[in-house]
Structure formats: structure tokens, C-alpha cells
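Q: Build me a model:
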Amino acid sequence: WDLNTIFNEIHVHFQNSLQNGIILQQTQLDDFNAILQLQKDSKEYRPTLYDFIAHNALVFYKTNETSTTKPANKFELSKQDFERSYELKNDIYNFQKDSLSLQLNALKIYQDLISFHHNTKNENAFVSVELERLKFIEQHAYFKEKETVYLENLTALKAAYKKHEVSTLVDFEIATIYNQKGNLYNAESSNEHQFQKAKALEICDVAIEKFPKSLGSQKCNSLKASILQPTLSITTEKHVAINLPNKFLVKYKNLNKLFTSIYKVSDAEIRTFHKIYNQAAKVEFIHKLSLNNAFNNTLKNEKDYQQHATEIVMPSLKNGSFLIVSAPSKKITKESIYATSIIQSTNISVVQKSTNDQNIFQVINRNTGKPLPNSKITIKNYNTGRYNKSISRKLSTNKLGEFSFKTSSYHRNVIISVETETEKASF
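A: Just a heads-up that it's a prediction; the model follows:
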């Protein structure tokens, strides 16, 4: 069988399952509880056997049909399909020549479901299915301005059921649209979508206040939590010059204040820190470190619930390695959000140039580029084993600041430590 034959055969069986629609609509789904995986309040939205079988068929008809052969008069979704709800009879779709179109058959089923629940005055089921239908068209149609037409139809549906708690399901869909538009915001190019998340939050707040116990309000609460979720990250230079002010980049969302602590750390403490994954243990480790400096900054918060970025000036540092910890509160806990970065303050830089059989390095002053002769070099690696051969060398630089060594093995986690008369650094 080719793909078209398989699809056609499946189509026949699904259509047969829906033939006795009236009987199915009169059969309550409660009669089948023993063989169903029950979800809380699900029968408020799909109360009958007809709902169950129709939605089962929709799983097939909503699949992507791009791989099947298309007739010349292929059915295509249009702007008018948004309007073709229960008021219009299925005859509109029955006259379509592309009778095997999955999208066409999905719309027929949606119309039958909507007409059924409209006639039985089941607002929960009606609005739920209508929302599914509108979303299906929006996802599969290709005409211009479909997003605008989709939002207009959602707004009209919301207005029609504004006195019923099921309207909060529509509120959630509308808020989701604005939140997705907010995700398109790019501060570097345009402020077009900057306050769309704020609009989404406003819609959620109104829905939750009006019908706090509704399913739609539960969904709005989840979306609201996502919009209000604070985020924080920092980016620093890996190496900075000694005793000179430096900047680091902060990216944040929904924060007003930033507290930054700088801790002096050894190479061993850095390796230990990178091995800690448990948040409580990591916070405990940080609290035991020696505090070198601390400062705070006020962050610009436009109440747009977008991510913003700013550069913050960091105090000058003496020679050594430091752990930078930034958080919205002065003291961090395991529940806190915080960001960390390791930075080394040094005027030393190591430049590598390798040949086929030799590794050549030059130690220079990172500010002037001048070589640093007679520097003490220690080469060592960690976490050695079968696939990481041990290496341990002690060398010194020549008058050009160069040192070299040969090895026939592969080494990982290699640390090159450099010591001059005035400072130390590791790379």
C-alpha cells in the first residue's frame, strides 16, 4: 500500500466510527469510566461518547498531510473558515471536491461538535471546541493577516461568554498570543513588542480576579508565573588587568536591585566549586569563602517583563583569582536566583604556537606585549587516568619569554601556572 491508500483506509474507519452520531451524543461517557484514564473535570468539556470518538478522529485529521498526493482542486483553509462555526451547515464543506482532505474532514467534525454543544447549551464544551477549531485554522492556514483574524475571533468569542467562567479559557489564549508577541521583542532593533507581555499579564489578572477557580484562571496563573519569573546571568572577562576598573555584563528580567560579592579563591577552590551541582552545597561553599569586596546597583525596570542588559563597573582587583556572585538580594540561599563567574586578575598572558612535535609558549605582559623572561612555569593536569595521561613539568622562560616541551601523549585538564617576581597566574 502507498501512503494515499493507507490514509484513505484510515479515513473510512474513522468515518464509520462517527456514523451513529445521535446515539453517540446520547451516551454519557460516565458509562465507560472503568476503561478510561480519567482526568479531573474532563467530562465538563467532553461529556459524551461522541466527544470521545470525535476527538479521537481529530488526532488523525489534524496531522500534517504534506506527504500525500494532492488533487488539482485541493482544499485550502481561508479567512472565511474562521467564521464557519455552528451557524453554517456542513453543506458548505460537503460541496468541496477534495473530500479526502484531512483539514476539510477536521473542520466537518469541529462543526458537528460545535453544533451539538450549542444545541445542548453546554457552554464549557462549546467554547472549548470552538477554541480548538480556531487554533487549528490559525496553525494550518496560510493567508495574510491570519494572526489578526484569529485574535479578532477570540475577542468576539470572549465577548459572547464574558459572564461565564469558560471565558477565562479564551482569556488564556488571548494572553498567550500577547506573550508570544512579547517574545519577539529585540531591544537592539525595535521596541515594537516591548510591552506585549505586560498586556498578557493584565488580561490574566482580570480573568483570575473575575473567576478565580475556573480552569482558564488556573492556566492564566501558570502563564502569569512564567511572565513574572525573574532571570539573571552575568558575563565577565576571563582575565582582567591588575588594579584597573573593569566592567561585566548583566542580563536580567524582573529585577530592581543587584548585589554583587567578590570572593578570593585558589585554584583548588575553583576546581571544587565547578564539581558542586547541588544548590544547597554550592551556596554553603560560597558562604565559607573569604569576601574581598561587595557592592550593589539599581537596575532599570520598565515593568515590561522583558530581558534587559547593562554593564556594571567592577572595583579594581589585586593579583589573583576571584569568584563573582551576583543576586537580587544581599544574602543568597538555596532558593535564591543568582549568577556566578570566575575571573583572574593578572597582567600576565600566555601565547601558544605549536609545531608538529613541539608545544611552544610565550609569556608576555598583557598590557604592553613585552616578553617576561625568567618566569617560573609549572605544567600539571588533573583527573588523570587511562584516557588522560599524567603530565608534570617545571620549566622557566628564556630571554624571549618562551618555554617549550614535547610529549607523545594526549593530556586534558592541563593547568599552566606562571610565577614572576611580582605575581602569579594560571591558564
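Q: all helices of the stretch 101-250 of the chain, in order?
A: 102-119, 123-140, 146-160, 167-182, 196-210, 215-228 (DSSP state H, counting those that start in this stretch).
Q: Turn those into TSV, columns for mean neighbour count and distance to residue 416.
A: C-beta: built from backbone N, CA, C; applies to glycine. Output for the helices of the stretch 101-250 of the chain, formatted as TSV (neighbours: other C-beta atoms under 10 Å; distance: least, C-beta to C-beta, whole Å):
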stretch	mean neighbour count	distance to residue 416
helix 102-119	21	63
helix 123-140	21	55
helix 146-160	16	56
helix 167-182	22	47
helix 196-210	20	47
helix 215-228	18	45
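Q: per-residue confidence for the closest residue to residue 181 other than its chain neighbours?
A: The shortest distance from residue 181 to any non-neighbouring residue, by C-beta to C-beta, 6 or more residues apart in numbering, is to residue 196 (4.2 Å). Reading off the confidence values, residue 196 has pLDDT 97.
Q: residues in contact with residue 196?
A: Listed by C-beta atoms under 8 Å, 6 or more residues apart in numbering, the contact partners of residue 196 are 178-179, 181-182, 184-185.
Q: ditto for residue 149
A: 79, 82.
Q: Distance check, it against residue 62.
A: Distance, residue 149 to residue 62, by C-beta to C-beta, to the nearest Å: 20 Å.
Q: chain center to the host helix or strand of residue 23: distance?
A: For residue 23, the host element (DSSP states H and E) is helix 21-25. Relative to its parent chain, helix 21-25 has a centroid offset of 43 Å by C-alpha atoms, centre = their mean, to the nearest Å.
Q: How about stretch 242-258?
A: 23 Å.
Q: going forward can the numbers begin at 22, since that is how I track them
A: Understood, numbering begins at 22; the last thing we discussed is stretch 263-279.
Q: Just grab the bridge partners of residue 406 for me.
A: residue 409 (DSSP bridges).
Q: Then residue 270?
A: Beta-bridge partners of residue 270, as defined by DSSP bridges: residue 256, residue 332.
Q: Any chance of CSV for the helices of the stretch 122-271 of the chain, columns distance to residue 310?
A: Converted to CSV, those look like this (distance: least, C-beta to C-beta, whole Å):
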stretch, distance to residue 310
helix 123-140, 60
helix 144-161, 52
helix 167-181, 51
helix 188-203, 38
helix 217-231, 37
helix 236-249, 32
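Q: Show me which of the contacts of residue 217 is closest to residue 231.
A: Checking the contacts of residue 217 against residue 231 with C-beta to C-beta, the nearest one is residue 199 at 17.9 Å.
Q: Quick check: chain neighbours aside, which residue is closest to the closest one?
A: residue 221 (3.9 Å).
Q: With residue 337 instead?
A: residue 264 (4.7 Å).
Q: any idea of the pLDDT on that neighbour?
A: 92.
Q: packing partners for the helix holding residue 44?
A: With contacts defined as 3 or more C-beta pairs under 8 Å, 6 or more residues apart in numbering; DSSP states H and E, helix 42-46 has these neighbours: helix 70-82.
Q: Could you pull out the buried residues of the helix it packs on?
A: 70-76, 78-79, 82 (16 or more other C-beta atoms under 10 Å).
Q: do stretch 280-288 as well
A: Buried-residue list, stretch 280-288, by 16+ other C-beta under 10 Å: 280-286.
Q: Just these: which are in strands?
A: 280-286 (DSSP state E).
Q: now those in a markdown table, with pLDDT?
A: A markdown table is the format used below for these (pLDDT from 0 to 100):
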| residue | pLDDT |
| --- | --- |
| 280 | 98 |
| 281 | 97 |
| 282 | 97 |
| 283 | 97 |
| 284 | 97 |
| 285 | 96 |
| 286 | 95 |
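Q: Pull up the gap between residue 130 and residue 291, please.
A: 61 Å.
Q: again with residue 337
A: Taken as C-beta to C-beta, the span from residue 337 to residue 291 is 21 Å.
Q: Kindly report the same for residue 353.
A: 19 Å.
Q: Mind checking which of these two has more residues around it?
A: residue 353 (21 against 16; other C-beta atoms under 10 Å).
Q: The closest residue to that one other than its chain neighbours: how many residues sit nearby?
A: Nearest non-adjacent residue to residue 353, counting by C-beta to C-beta, 6+ apart: residue 359, 4.8 Å away. Counted with other C-beta under 10 Å, the neighbours of residue 359 add up to 20.
Q: Contact partners for residue 359?
A: 253, 346-348, 353.
Q: let's see 10 Å
A: Going by C-beta atoms under 10 Å, 6 or more residues apart in numbering, residue 359 touches 253, 255, 280-282, 300, 303-304, 307, 346-350, 353.
Q: Of the residues you listed - the most surrounded one?
A: Result: residue 347 is most packed of these (other C-beta under 10 Å), 26 neighbours.
Q: State the distance from it to residue 72.
A: With C-beta to C-beta as the criterion, residue 347 and residue 72 are 52 Å apart.
Q: Next: residue 332.
A: Residue 332 is 56 Å from residue 72, by C-beta to C-beta.
Q: Same question for residue 343.
A: Using C-beta to C-beta, one gets 62 Å for the distance from residue 343 to residue 72.
Q: just residue 398 next, same as before
A: From residue 398 to residue 72 the distance is 76 Å (C-beta to C-beta).
Q: Residue 442 now?
A: Counting by C-beta to C-beta - residue 442 and residue 72 are separated by 83 Å.
Q: Then residue 208?
A: 46 Å.
Q: Check residue 256 too.
A: In terms of C-beta to C-beta, residue 256 sits 52 Å off from residue 72.
Q: Equivalent analysis for residue 253, please.
A: Counting by C-beta to C-beta, the gap from residue 253 to residue 72 is 46 Å.
Q: With residue 441 instead?
A: 78 Å.
Q: now do residue 242
A: Separation of residue 242 from residue 72 (C-beta to C-beta) stands at 26 Å.
Q: do residue 275 as well
A: The value you get for residue 275 to residue 72, if C-beta to C-beta is used, is 40 Å.
Q: Surely residue 370 and residue 437 touch.
A: No: assessed by C-beta atoms under 10 Å, residue 370 is found out of contact with residue 437, at 11.5 Å.
Q: joint contacts of the two?
A: 384, 446, 448.
Q: need the contact list for the last one.
A: To tie it back to what came earlier, the one meant is residue 448. So residue 448 contacts 259-260, 365, 367, 369-371, 373, 382, 384, 435-439 (C-beta under 10 Å, 6+ apart).
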